[in-house]
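Undergrad: just a sequence and a predicted model for now, questions to come.
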Amino acid sequence: QVSLVESGGGLVQAGDSLRLSCAASGRTFNRSAMGWFRQVPGKEREFVGSISWSGDITLYADSVKGRFTISRDTTKNTMYLQMNKLKPEDTAVYYCAARGILVQALARSEKEYSFWGQGTQVTVSS
């Protein structure tokens, strides 16, 4: 059984930092690209960023570029999202996702991802 579990969400103030984790179990994603998305109630899920299986290639949405950093530890089968200089508009449920096994290309569309976590709430107060 494949499982992606996010953690690290919470309530912070504008300008603070937060690090989300996404732990994968049941199947290794070490050869697959992974990504982060976020969703606000009433809106479509939004791409945040994506990372290659090796961790050396990343892709970010313009809205988070320069503030957010994605990384992964293949030995722990875990992906991270370091969020700095948080803004109230970053408030959302954050989801991690993985592409199919051995699918290495980064992608912006949620349709390209096969596996999803349950999400973790991030709330940024002004």
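TA: Alright, I've got the coordinates.
Undergrad: confidence score at Gly26?
TA: What the model reports as pLDDT for Gly26 is 75.
Undergrad: quick one: it and Asn77 touch, right?
TA: No: using C-beta atoms under 8 Å, Gly26 is not in contact with Asn77, being 9.7 Å away. The C-beta positions use only the backbone N, C-alpha and C, and glycine is treated the same way.
Undergrad: now do the strands in this structure.
TA: Chain-ordered strands for the chain, with DSSP state E as the definition, fall at 3-7, 10-13, 18-25, 34-39, 46-51, 58-60, 68-73, 78-83, 92-98, 115-116, 120-125.
Undergrad: how about these in a markdown table, adding distance to Ala105 and mean neighbour count?
TA: Converted to a markdown table, the strands of the chain look like this (distance: least, C-beta to C-beta, whole Å; neighbours: other C-beta atoms under 10 Å):
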| stretch | distance to Ala105 | mean neighbour count |
| --- | --- | --- |
| strand 3-7 | 19 | 17 |
| strand 10-13 | 32 | 13 |
| strand 18-25 | 18 | 19 |
| strand 34-39 | 11 | 24 |
| strand 46-51 | 9 | 22 |
| strand 58-60 | 10 | 18 |
| strand 68-73 | 15 | 18 |
| strand 78-83 | 16 | 22 |
| strand 92-98 | 13 | 23 |
| strand 115-116 | 16 | 18 |
| strand 120-125 | 26 | 17 |
